[in-house]
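Participant: A predicted structure for the sequence below; I have some questions about it.
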Amino acid sequence: MAVTVRQALMQAGLAPLDAQVLLAHVLRRNRAWLVAHGDEALGNDDAAAFFGLARRRRNGEPVAYLVGRREFWGLTLHVNPAVLVPRPETETLVALALEWLPADRPVRVLDLGTGSGAIALAIARERPNAQVVAVDASTGALAVARANVAALGLRNVSVLASDWFAAVEGTFDLIASNPPYIRAGDPHLAGDDVRFEPIAALVSGADGFRDLRTIVAQAPARLAPQGALLVEHGHDQAESVRALFEAAGFADVTARRDLAGIHRVAAGRKRP
Ligand code: GLN
């Protein structure tokens, strides 16, 4: 028995938005089309593909992996399970980076642990006079980041294999990172969506601070005079991250809340 678009959406057992995004993906239409064509019958192959994706979504797989892309800062990014799904709170970091980055001269920007390339690509798109270096230690992530650079046609981003600063040369006006910051064994890791994401992009040692400590301690040597470091961190890490910035000698140490009102980004400037 053929099902209509409307029936398929109702029978999926999903939040309405998730069901619409998945069906629109299968049919290669947009969500507005679905609304206007609720009475149209689905072909058997499309119905089977849709209900297969719906089952995977009910099992917790991120919609972004099921459709292979995610919007970030107005950009459509390819994603797959080699990279973290870009999150809205990371746009808070991009917004602060654009406030702090001088707009009136060529600048060098480094994105540590770029994953899909989200932070690097957002800054590169906003600032054509910025040369952005995006690094990751994961081969799978580098492939995704390179595909996104190519798809967006951005000439001012280079993608480099590096374990944090290890293979990076020169100094930067701004260093940004959304590193792993969850403690090993945190129950959050077993939740839907998150348990399908790469553990190396999420977990940072027994206390969640292993990578933040490395990045904050090593950044001053990689910053130009007055250069800025910005990092994303966990919902309960703001005070500890501020202490790391102060111990590393940063000035103007700043905390920024995400859209949920949680301190989520820390920033500081290298002292002149
Ligand atoms: N904010 C993500 C989460 O809570 C974690 C991202 C990260 O570790 N950088 O799932």
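Facilitator: Nice, I can see it.
Participant: and the helix or strand where Phe51 lies, what does it pack against?
Facilitator: In the assignment (DSSP states H and E), Phe51 maps to helix 44-58. Packing partners of helix 44-58 (3 or more Cβ pairs under 8 Å, 6 or more residues apart in numbering; DSSP states H and E): helix 5-11, helix 16-27, helix 63-67. No exception for glycine: its C-beta is placed from N, CA and C like everyone else's.
Participant: what about the closest residue to Gly170 other than its chain neighbours, which SS state?
Facilitator: Excluding its sequence neighbours, the residue lying closest to Gly170 (Cβ to Cβ, 6 or more residues apart in numbering) is Arg108, at 6.9 Å. The three-state label given to Arg108 by DSSP: H, G, I helix; E, B strand; the rest coil is strand.
Participant: look up how far Phe196 lies from Arg108.
Facilitator: Distance, Arg108 to Phe196, using Cβ to Cβ, to the nearest Å: 35 Å.
Participant: rewinding a little: which strand residues bridge the residue nearest to Gly170?
Facilitator: Beta-bridge pairing of Arg108 under DSSP bridges involves Gln131.
Participant: let me see the contact set for it.
Facilitator: Residues in contact with Arg108 (Cβ atoms under 8 Å, 6 or more residues apart in numbering) are Ala130, Gln131, Val132, Val133, Gly170, Thr171, Phe172, Asp173, Leu174, Ala224.
Participant: could I get those as JSON lines with distance to the ligand, neighbour count and pLDDT?
Facilitator: JSON lines is the format used below for these (distance: Cβ to the nearest ligand atom, whole Å; neighbours: other Cβ atoms under 10 Å; pLDDT from 0 to 100):
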{"residue": "Ala130", "distance to the ligand": "23", "neighbour count": "24", "pLDDT": "98"}
{"residue": "Gln131", "distance to the ligand": "25", "neighbour count": "18", "pLDDT": "98"}
{"residue": "Val132", "distance to the ligand": "19", "neighbour count": "28", "pLDDT": "98"}
{"residue": "Val133", "distance to the ligand": "19", "neighbour count": "21", "pLDDT": "98"}
{"residue": "Gly170", "distance to the ligand": "25", "neighbour count": "10", "pLDDT": "97"}
{"residue": "Thr171", "distance to the ligand": "25", "neighbour count": "15", "pLDDT": "98"}
{"residue": "Phe172", "distance to the ligand": "20", "neighbour count": "22", "pLDDT": "98"}
{"residue": "Asp173", "distance to the ligand": "23", "neighbour count": "22", "pLDDT": "98"}
{"residue": "Leu174", "distance to the ligand": "18", "neighbour count": "26", "pLDDT": "98"}
{"residue": "Ala224", "distance to the ligand": "26", "neighbour count": "14", "pLDDT": "97"}
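Participant: now intersect the residues you listed with the strands, please.
Facilitator: Members of these lying in strands (criterion: DSSP state E): Ala130, Gln131, Val132, Val133, Phe172, Asp173, Leu174, Ala224.
Participant: give the buried residues for the helix holding Phe51.
Facilitator: Residues of helix 44-58 classed as buried by neighbour count (16 or more other Cβ atoms under 10 Å): Asp46, Ala47, Ala49, Phe50, Phe51, Leu53, Ala54, Arg57.
Participant: equivalent analysis for stretch 105-118, please.
Facilitator: By neighbour count on 16+ other Cβ under 10 Å, the buried set for stretch 105-118 is Val107, Arg108, Val109, Leu110, Asp111, Leu112, Gly113, Thr114, Gly115, Ser116, Gly117, Ala118.
Participant: would CSV of those with distance to Leu23 and pLDDT be doable?
Facilitator: Shown next, in CSV, are the buried residues of stretch 105-118 (distance: Cβ to Cβ, whole Å; pLDDT from 0 to 100):
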residue, distance to Leu23, pLDDT
Val107, 43, 98
Arg108, 44, 98
Val109, 39, 98
Leu110, 40, 98
Asp111, 34, 98
Leu112, 38, 98
Gly113, 34, 98
Thr114, 31, 98
Gly115, 28, 98
Ser116, 24, 98
Gly117, 28, 98
Ala118, 26, 98
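Participant: give me the mean pLDDT for stretch 190-197.
Facilitator: Per-region confidence: stretch 190-197 scores 97 on mean pLDDT.
Participant: what about it and the ligand, touching?
Facilitator: Yes. Under the criterion of Cβ under 6 Å from any ligand atom, the ligand is reached by stretch 190-197 at Val194.
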